[in-house]
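Chemist: Give me the fold of what follows.
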Amino acid sequence: MKNLTLLFLVLTIATSCTSQSSKSLFNGTNLDGWHVDVPEMDSIPTAINPFIMRDGMLVSLGTPQGHLITDAIYQDFRLEVEYRFAGKPGNCGVLVYASTPRSLYKMFPKSIEVQMMHQNAGDFWCIVQDITTDNMLERRGPKEEWGITEGKKRRIKNLTDDSENPLGEWNKMTIECLKNEVKVWVNGDMVNHGYDATASSGQIAIQAEGSEVEFRRVDLTPITTLTP
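Modeler: Purely as a prediction, here's the structure:
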C-alpha cells in the first residue's frame with residue numbers, strides 16, 4: 001500500500017510538472033501578450049482590427065491583411081495549433097523566428113512562415129530568413145531563382161498532399177523549433193523538416209491573409225530535443 005501511494009505521488013508530480021511546462025499563448029478573453037501590425041490601420045481610420053476573440057477562440061478575420069505578433073521572443077519550443085477555416089477556405093499562416101516588421105512587401109515581418117493555406121498546410125515560406133530542407137531542387141525550384149526577398153522563389157513545398165482534414169473540421173498543426181531546425185506535423189503527419197535556418201529565436205505571428213480562420217488552441221511548450 002505504501003509503495004502504491006508513493007507511485008501515485010510520483011505520477012501526480014510528473015503530470016503537474018508536464019502541464020505547467022505548457023502554456024496557452026492566448027487567454028480566451030483578450031489579446032494580452034500580443035500586438036497587432038496591420039498597415040491599413042496606420043492610415044485608414046475605418047480599418048478594423050482583423051484579430052478578435054470570439055466564443056473563447058482567437059479569430060483571424062482575414063482582412064485587412066496583417067499580423068498578430070507576440071510581445072515575447074521565444075526559442076526552443078513546440079507550438080501546438082488547432083485551427084479551422086470558418087467559411088470559405090483560403091490563406092493563413094504561422095510565422096516563427098519573427099523579428100523586423102514589414103520587411104517584405106511592406107507587410108510581412110522577417111521570419112519563416114509555416115503555411116496554413118488550404119491544401120498547402122506545412123509549406124515553408126522564407127521571409128528575409130532562409131532555411132534548408134532535403135530535396136530542395138524538387139521542392140523549391142531552380143537554385144538560381146532561390147531567394148528570401150520579393151520576386152524570388154521563397155516557397156519550399158511540404159511533403160504530403162492529403163494531411164488536412166475536410167473543410168469545417170479542426171486541424172492540428174505542431175511546429176517544433178530547436179536552435180536552427182524546424183519540424184512540422186499536420187494531423188500527426190510529418191510534413192516538413194528544415195535545418196540550417198538563418199535564425200534560432202524570435203517572435204511568433206499569426207496572419208490575416210484573406211480568409212477567416214478560428215484558433216481554439218495555441219499552446220507553447222519549451223523543448224530540448226526534437227520529436228523523431
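Chemist: okay, CA-based contacts and neighbour counts for the rest of this
Modeler: OK.
Chemist: and the residue positioned nearest the centre of the chain, what does it touch?
Modeler: Centroid check for the chain by C-alpha atoms, centre = their mean gives V94 as the closest residue, at 2.7 Å. V94 sits next to 113-116, 204-207 when contact means C-alpha atoms under 8 Å, 6 or more residues apart in numbering.
Chemist: burial of Y105, as a residue count?
Modeler: For Y105, the neighbour count with other C-alpha atoms under 10 Å is 10.
Chemist: Setting the sequence-adjacent residues aside, check what's closest to it.
Modeler: E150 (7.1 Å; C-alpha to C-alpha, 6 or more residues apart in numbering).
Chemist: Next, give phi and psi for the one you found.
Modeler: Phi and psi for E150, reported as degrees, to the nearest 10, are phi -50, psi 140.
Chemist: Run a quick check on it versus K106, I expect a contact.
Modeler: No: the criterion here is C-alpha atoms under 8 Å, and E150 misses it with K106 at 10.4 Å.
Chemist: who has more neighbours, those two?
Modeler: E150 (12 against 9).
Chemist: if I look at the more buried one, how far off is F108?
Modeler: 11 Å (C-alpha to C-alpha, to the nearest Å).
Chemist: With Q203 instead?
Modeler: Relative to F108, and taking C-alpha to C-alpha, Q203 is found at 13 Å.
Chemist: So between these two, which is more surrounded?
Modeler: The neighbour count for Q203 versus F108, taken as other C-alpha under 10 Å, is higher for F108 (24 against 21).
Chemist: if I pick the more buried one, what's in contact with it?
Modeler: Contacts of F108 (C-alpha under 8 Å, 6+ apart): 66-67, 101-102, 127.
Chemist: ok, and the most crowded of those residues?
Modeler: Counting by other C-alpha under 10 Å, top hit in these: H67 with 30 neighbours.
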